[in-house]
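# here are the coordinates; sequence isn't available:
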């Protein structure tokens, strides 16, 4: 089973548009949306849900006001600025800052702190017009996006095994932190979609270093390459110096947004960008 | 060249404004940098997108200083440890693990809570510094820029963001360039800011991610307004949503290839594209009007 992960470092470079097109072009593939805190792939692939489950991960502390003696030890020990004193001289935990470490629970002399499983979101299994899809929705301002990403990947692997599918296409999150690391560890190939801007160049470098750190072979595609042809050439050179292969270029094309509005993948419309993405896909498939 | 925007920081002694968005690539950094440059008064800019910090690229600033940021991780003294396993049973993150023997530490899993060191009955665990990234201070015209940059391979951004926010001065105007998304790094950035600007695009992806970001700022109880960038590339679904939800649209920025090209080269829009300095200078007034009008 192969896993292709589409990432970018910088946000908004076209990961989801490329992934949706790949899902359409692949003869047989499972699609996984691992950008769990700003998932958009469903807006194009229009999945019909088959299964949905709540996702619990980690713990959340909360103080029982009646049992609290107001000693303040919890606030003193908490390293995450999650415990605040109330005007009544009691203490309250801000769930947005609580990382669920359990220090306050362990050391509260009055044993006044509850420690409960934390609902972080939900995951879904769906059918789309182009095969099965694993995706998820992280709760509002929730923690543990990395664990939810791992769950989505496991779900996709299970779908692939059950259906005898040998390829998983993963729409990854932006950045280089925990959800990105969870998206790419152990994957077969990373495709970095970038753009010819100073930010795109800078962020691609960091994400390629991350791929190298986890020893995953990487390919690069410059999207909207004709906005700055010199920058594109410089980016491609840097990419090769960092050990990545060049998988293709996609032109700046207003039909990409038009396709999104029609809930279509770019390659489901006739346009110059669609042609470029078809070539990109051929190169990726040959290389994975 | 500094410009008079009519915004006087003396009127509002202290104001922290975060520029955020659910979706990446909508223009957070462009807005943060250009709003700061359009001001006539000193401003502190915090680049809180520590995974991919980009504000510096558009300012060509002078480096003032650098500071390594560490978290604390446990270190076990094998002579004192009796292998009781209390540390491993306590750790919620599997960062210290015992297999019936002396514990192993996995620093990349450690949140730095300090619990294992505090509870070890033998006093065998101390905490040592573990580098996660760098904070750099820069200066450019009226802007003091503090940038957080996480080391490649480090998973957890919030400790670096919290360290970066320690740089916020007691007084004056602060602009925070937030990371994309709606999860812990964004929540760490938005803690205790006064106002949030959500930047989006008039597209289906832009709207979907805006609604997630709106849910987040409402959950955090922060006042906010929306800027629609690249108006013309999509349709009016974002504006209709904002009207329906009674959300202030602070500004609509037209889609303009000249802006995209200047951005591509790393140039400031207010300095290189005619007509934009007035546009960006006006944003601060819109923010102040919305902040005072709707939320005081």
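Alright, I've got the coordinates. Since this is a predicted model, take the numbers as computed values, not measurements.

# need the residues of the stretch 51-200 of chain A near chain B, please.
Residues of the stretch 51-200 of chain A lying close to chain B (Cβ under 8 Å from any Cβ of the partner chain) are A:58-59, A:77, A:79-81, A:96-97, A:99-103, A:106-107, A:138, A:140-143, A:145-146, A:173-181, A:195-199. From N, CA and C alone the C-beta is placed, and that goes for glycine too.

# generate a PyMOL selection restricted to the buried subset of those residues.
Selection of buried members from these for PyMOL, criterion 16 or more other Cβ atoms under 10 Å in any protein chain shown:
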select buried, chain A and resi 58+59+77+79+80+96+97+99+100+101+102+103+106+138+140+141+142+143+145+146+173+174+175+176+177+178+179+180+181+195+196+197+198+199
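
# filter the residues of the stretch 51-200 of chain A next to chain B down to the ones in helices?
Counted as lying in helices by DSSP state H, out of these, are A:77, A:103, A:106-107, A:145-146, A:178-181, A:198-199.

# could you dump those to TSV with pLDDT?
Below are these laid out as TSV (pLDDT from 0 to 100):
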residue	pLDDT
A:77	98
A:103	98
A:106	98
A:107	97
A:145	88
A:146	92
A:178	93
A:179	95
A:180	96
A:181	96
A:198	96
A:199	97
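
# residue in chain B nearest to chain A?
residue B:24 (1.0 Å; Cβ to the nearest Cβ).

# that residue reaches residue A:14, doesn't it?
No. The criterion here is Cβ atoms under 8 Å, and residue B:24 misses it with residue A:14 at 10.7 Å.

# what sits against residue B:216?
Neighbour list for residue B:216: A:140-141, B:22, B:182, B:186-187, B:190 [criterion: Cβ atoms under 8 Å, 6 or more residues apart in numbering or on different chains].

# ranges for the helices of chain A?
Under DSSP H, chain A gives helices at A:15-25, A:42-45, A:73-77, A:103-107, A:145-163, A:178-184, A:198-213, A:229-241, A:255-261, A:272-287.

# and the pLDDT for residue 130?
No chain in the question, so chain A it is. If you check residue A:130, the pLDDT there is 90.

# that answer is for a different chain, and I need it for chain B
pLDDT, read off for residue B:130, is 96.

# likewise residue B:7?
Taking residue B:7 on its own, its pLDDT is 46.

# the one 10 residues further on too?
If you check residue B:17, the pLDDT there is 97.

# with residue A:140 instead?
85.

# what residues does it make contact with?
B:182, B:212, B:215-216, B:219.

# one more: residue A:267?
Listed by Cβ under 8 Å, 6+ apart, the contact set of residue A:267 reads A:21, A:24-25, A:274, A:277-278.

# common neighbours of residue B:24 and residue A:14, please.
Overlap of the contact sets of residue B:24 and residue A:14 (by Cβ under 8 Å, 6+ apart) consists of residue A:8.

# measure the residue in chain A that chain B sits nearest to to residue A:35 for me?
For chain A, the residue closest to chain B is residue A:11, as judged by Cβ to the nearest Cβ, at 1.0 Å. Per Cβ to Cβ, to the nearest Å, residue A:11 is found 9 Å from residue A:35.

# ok, residue B:81 next?
In this view, residue B:81 and residue A:35 are 42 Å apart by Cβ to Cβ.

# do you know how far residue A:132 is from residue B:272?
From residue A:132 to residue B:272 the distance is 48 Å (Cβ to Cβ).

# more neighbours, the two?
Just comparing residue A:132 and residue B:272: by other Cβ atoms under 10 Å in any protein chain shown the higher neighbour count belongs to residue A:132, 21 against 14.

# report the contact partners of the more buried one.
By Cβ under 8 Å, 6+ apart, residue A:132 lies in contact with A:30-31, A:125-126, A:159, A:163, A:165.

# rewinding a little: which of the contacts of residue B:216 fall in helices?
Per DSSP H, the contacts of residue B:216 map to helices at B:186-187, B:190.

# so which of those is the most crowded?
Among those, residue B:186 has the most neighbours (other Cβ under 10 Å), with 29 neighbours.

# so what touches stretch A:39-52?
Residues contacting stretch A:39-52 (Cβ under 8 Å, 6+ apart): A:16-17, A:19-20, A:23, A:31, A:33, A:35, A:122-130, A:133, A:135-137, A:171, A:259-260, A:263-265, B:23, B:204-205, B:208-209.
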